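# I would like the atomic coordinates for the input below:
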Amino acid sequence: MPPHGPHGPRGPHGMGKGAKPQNMGKTIKRLLTYMGEKKLLLIPVVICVLISSGASIAGTYLLKPALNQYIIPFIGQENPDLSAFISLLLTMVAIYLLGAVAGYVNNRIMLSISTGTLLRIRQEMFCHMESLPLRYFDSKSHGETMSLYTNDTDTLRDMLSQSVPQLLSSIITVVGVLTMMVIISPILTLLVVFMICVMFLCIATVGKKSASAFRDQQKNLGAVNGYIEEMIEGQRVVKVFCHERESKEAFSQLNSNLRNASARANSLANIMMPMMGNLSHINYALSAMAGALLAITGRLDIGSIASFLQYIRSFSMPITQMSQQFNSILNAL
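Next comes the predicted model:
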């Protein structure tokens, strides 16, 4: 065994070739085949996501009648009749509870789907590995092969159990909230849409760099794992040929490459949330000022402004989540 293994001091080559799916549609279709009979469970998942997102949207809209019909008219009254107001509050509680239950059921079902799918994938991977010729194992390090069973499948699990449901929920929430915002105030909605376009421009710029950085991180992680595996198995050869110093230098280089790739990937990923958060705060402030002007001129009531501002809070977060979950899905594929 050579001192640095079959791949030399730089670790295994060619890891980046499979990092980006050549045909995303074909890859997704192949994943669906691994789900087998569990594909039918996607129907209740979609229903639960619709209920959960719809509950949040409906509960927010009830702020408008709560303010306009009850809270504001009650100001100055000594003994107001609170029975109708209490009924409205109980309705809001029931809606949010229904959304919470639907979210819990959705998480449980997706957990079952993801674990069952990974069970089939790992079984097929192992059976396929047993049928491979010796030249495959001569050209691939043990660490690289192990990385397929651990790092890559864990990334796939996160996509199936978290990223896909959250992305679907975010899309439904964005569409539903945008519809309600148009119903409440088309003028304020135009202002929000303009700010959202600015957000999407930032997401597209940072997201493109982030996806490339995460692919580079996965490639370097496989290289480090492969080199460690080779050195552990070939430690006796390393000692015989006195290659300890060269081995340490090679590992230091691989580890440094992984550190740089991880730092770049996580820096780009972590900058997304504060950037979107600050843009969301600017959007909220501009909408509040515009809504106040409309209220002063009598073109909008207080309840509508309160519901609209709450919808803005519900609108910005799903957009930020969509950008992050899309990167996670691309990384898994």
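
# helices along the stretch 51-200 of the chain, start to end?
Assigned by DSSP state H, counting those that start in this stretch, the stretch 51-200 of the chain shows helices spanning 63-65, 72-74, 83-130, 134-139, 142-147, 153-158, 164-184, 186-233.

# the fifth one - what's its average pLDDT?
Here helix 142-147 scores 77 as its mean pLDDT.

# hmm, back to that, which one of the helices of the stretch 51-200 of the chain lies closest to Ile302?
With CB to CB, the closest approach to Ile302 among the helices of the stretch 51-200 of the chain belongs to helix 72-74: 6.3 Å. The way it works is simple: take the backbone N, C-alpha and C, and place the C-beta from them, glycine included.

# what about that closest one, distance to the chain center?
42 Å (CA atoms, centre = their mean, to the nearest Å).

# try stretch 121-133
Using CA atoms, centre = their mean, the offset of stretch 121-133 from its chain centre is 30 Å.

# flag every buried residue along that stretch.
Neighbour counts using 16 or more other CB atoms under 10 Å place Ile121 of stretch 121-133 among the buried residues.

# dump that stretch to PDB, keeping only the CA atoms.
This file holds the C-alpha atoms of stretch 121-133, laid out as PDB (Å, rounded to 0.1, in the frame of the first residue of the first chain):
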ATOM      1  CA  ILE A 121     -31.800   3.100   0.000                       C
ATOM      2  CA  ARG A 122     -29.200   1.800   2.400                       C
ATOM      3  CA  GLN A 123     -30.300  -1.800   1.800                       C
ATOM      4  CA  GLU A 124     -30.000  -1.300  -2.000                       C
ATOM      5  CA  MET A 125     -26.700   0.500  -1.600                       C
ATOM      6  CA  PHE A 126     -25.300  -2.400   0.400                       C
ATOM      7  CA  CYS A 127     -26.600  -5.100  -1.900                       C
ATOM      8  CA  HIS A 128     -25.200  -3.200  -4.900                       C
ATOM      9  CA  MET A 129     -21.800  -2.800  -3.100                       C
ATOM     10  CA  GLU A 130     -21.600  -6.500  -2.700                       C
ATOM     11  CA  SER A 131     -21.900  -7.000  -6.500                       C
ATOM     12  CA  LEU A 132     -19.200  -4.500  -7.400                       C
ATOM     13  CA  PRO A 133     -15.900  -5.700  -8.900                       C
END
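
# re the thing from before, got the helices of the stretch 51-200 of the chain as JSON lines, with distance to Ile319 columns?
Shown next, in JSON lines, are the helices of the stretch 51-200 of the chain (distance: least, CB to CB, whole Å):
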{"stretch": "helix 63-65", "distance to Ile319": "21"}
{"stretch": "helix 72-74", "distance to Ile319": "32"}
{"stretch": "helix 83-130", "distance to Ile319": "19"}
{"stretch": "helix 134-139", "distance to Ile319": "44"}
{"stretch": "helix 142-147", "distance to Ile319": "33"}
{"stretch": "helix 153-158", "distance to Ile319": "20"}
{"stretch": "helix 164-184", "distance to Ile319": "6"}
{"stretch": "helix 186-233", "distance to Ile319": "6"}
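
# tell me which of those helices lies nearest to Asn255.
Asn255 lies closest to helix 186-233 among these, at 6.2 Å (CB to CB).

# for that closest one, name the packing helices and strands.
Counting contacts by 3 or more CB pairs under 8 Å, 6 or more residues apart in numbering; DSSP states H and E, helix 186-233 packs against helix 142-147, helix 164-184, helix 244-296, helix 302-332.

# that helix - what's its average pLDDT?
Mean predicted confidence for helix 186-233 is 85.

# next, the buried residues of stretch 287-296.
Residues of stretch 287-296 classed as buried by neighbour count (16+ other CB under 10 Å): 287, 290-291, 294.

# for stretch 110-120, which outside residues touch it?
For stretch 110-120, contacts defined as CB atoms under 8 Å, 6 or more residues apart in numbering pick out 31, 34-36, 38, 41-42, 45, 153, 156-157, 160-162, 164-165.

# just among those, which is most surrounded?
The residue in the contacts of stretch 110-120 with the most neighbours, by other CB atoms under 10 Å, is Pro165 (24 neighbours).

# doesn't Leu42 make contact with that residue?
No - counting by CB atoms under 8 Å, Pro165 sits too far from Leu42 to count as a contact (10.0 Å).

# still on that earlier bit, adding distance to Leu88, write the helices and strands packed on helix 186-233 out as JSON lines.
Listed next are the helices and strands packed on helix 186-233 as JSON lines, based on distance: least, CB to CB, whole Å:
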{"stretch": "helix 142-147", "distance to Leu88": "55"}
{"stretch": "helix 164-184", "distance to Leu88": "18"}
{"stretch": "helix 244-296", "distance to Leu88": "22"}
{"stretch": "helix 302-332", "distance to Leu88": "12"}
